[in-house]
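*Asks:* predicted structure and sequence below. I'll ask about it afterward.
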Amino acid sequence: MKRQVIVIGLGRFGSAVTRKLYNLGHDVLAMDKDEARVQEVMGQATHALSGDATNEHVLRELGVIDYDAAIVAIGLDIMSSVMTSVLLKTLGVPYVVSRAHNELHANTLERIGVDKVVEVESEMGVRLAHSLFNPNVTEYLELTPRVGVSKLRVPDRFLNMTLREVGFSDPRDKNGLSLLAIQRGDRVNLHPEQGEKFKRGDWLLLAGRDDLVERLGSAEE
C-alpha cells in the first residue's frame, strides 16, 4: 500500500531511507536545511525541498498532518531533532520515527511520545560485534544479550545435504537453533521441506543462542 512519508534530515541515514521508501513506491517528501543535500536526492524522492523543520508554520504549510508517517533523521543537532519531533507529534502525525545519537537523546525522544526511536550507531555496533569473528553472519537482530536472529551464509560442509541430515528435522533439533527461513537469490522459503538440500549461495535465517550460531558458522565440524 502506498503511503505518504516525510523524511527530515538528509545525511547518509536520511538519504538512504528516502531512496528506499521512494523505490518501494511510497510518496516521499524529503527535507533538509542544506540546499546541497536537497539537490542530491532530487529524482530520488517525490518532492525534495529545503526548509526549517523546527518552524511550526513551515510544517503546517507542508501539510504534514496529512502524512502517514514522519522520520526525523537530523544529524548531530539534538535540539533541532527534539523540537522537530515535538512539533510533529503536536500536529498529529500518526507515526513519528526519530534517530537518536545517545541514550539521553533516546530517553528524551521516548518521553515526548515519539513512536519509535532508532539508535543507528548502537545497532551497527551490535551487528559488528556479532560478525567480527564470524564473517558468515551479515545481519543480526538482538533479542536478549545472548540470543538473537542471525542471517548466516550456509557453511560449505552443509552443501548438498538436506535439512534432516544437517539436523534441522524439527524446530530445535541437533543444532539447538530454529531455522526460520532459507533465502536463495530473490526467493525466501519460509517453510522449507525436510528433504530440501542446501545449495551454494543460500542464506539461513536462524534464531537462537549466539554461541550456537557461532559454532554452526565456524569452519570446524
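*Replies:* Perfect, thanks for sending it.

*Asks:* C-alpha from now on. contacts and neighbour counts both.
*Replies:* Will do.

*Asks:* helices of this protein, start to end?
*Replies:* For the chain, the helices defined by DSSP state H occupy 12-23, 35-40, 56-62, 78-90, 103-111, 120-131, 163-166, 210-217.

*Asks:* I'd like those helices as a markdown table, with mean pLDDT, distance to residue 157 and mean neighbour count appended.
*Replies:* Shown next, in a markdown table, are these (pLDDT from 0 to 100; distance: least, Cα to Cα, whole Å; neighbours: other Cα atoms under 10 Å):
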| stretch | mean pLDDT | distance to residue 157 | mean neighbour count |
| --- | --- | --- | --- |
| helix 12-23 | 92 | 36 | 18 |
| helix 35-40 | 94 | 46 | 15 |
| helix 56-62 | 94 | 56 | 13 |
| helix 78-90 | 95 | 49 | 19 |
| helix 103-111 | 90 | 42 | 15 |
| helix 120-131 | 67 | 20 | 15 |
| helix 163-166 | 85 | 9 | 17 |
| helix 210-217 | 80 | 10 | 17 |
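
*Asks:* out of those, which gets nearest to residue 97?
*Replies:* helix 78-90 (8.3 Å; Cα to Cα).

*Asks:* how far does the closest one sit from its chain's centre?
*Replies:* Chain-centre distance of helix 78-90: 22 Å, with Cα atoms, centre = their mean, to the nearest Å.

*Asks:* let's see that helix as CSV, backbone CA atoms only.
*Replies:* What follows is helix 78-90 as a C-alpha-only set of coordinates in CSV (Å, rounded to 0.1, in the frame of the first residue of the first chain):
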residue,chain,number,x,y,z
ILE,A,78,19.9,17.2,19.1
MET,A,79,17.9,20.3,19.9
SER,A,80,16.5,20.5,16.4
SER,A,81,15.8,16.8,16.5
VAL,A,82,13.8,17.1,19.7
MET,A,83,12.0,20.3,18.6
THR,A,84,11.0,18.8,15.3
SER,A,85,9.8,15.6,16.9
VAL,A,86,7.7,17.5,19.4
LEU,A,87,6.1,19.6,16.6
LEU,A,88,5.3,16.5,14.5
LYS,A,89,3.6,14.8,17.4
THR,A,90,1.8,18.0,18.4
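
*Asks:* report the angle between it and helix 103-111.
*Replies:* Per axes from the mean of the first three to the mean of the last three Cα atoms, to 10 degrees, the angle that helix 78-90 makes with helix 103-111 is 10 degrees.

*Asks:* nearest to residue 147, of the helices of the chain?
*Replies:* That would be, of the helices of the chain and by Cα to Cα, helix 210-217, which comes in at 5.5 Å.

*Asks:* that older thread, as a markdown table, the helices of the chain with distance to residue 137 would be great.
*Replies:* A markdown table is the format used below for these (distance: least, Cα to Cα, whole Å):
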| stretch | distance to residue 137 |
| --- | --- |
| helix 12-23 | 22 |
| helix 35-40 | 32 |
| helix 56-62 | 42 |
| helix 78-90 | 33 |
| helix 103-111 | 27 |
| helix 120-131 | 5 |
| helix 163-166 | 18 |
| helix 210-217 | 8 |
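
*Asks:* can you check which of those helices gets nearest to residue 149?
*Replies:* In terms of Cα to Cα, the element of those nearest to residue 149 is helix 210-217, at 8.6 Å.

*Asks:* how far is the closest one from where the chain is centred?
*Replies:* 23 Å.
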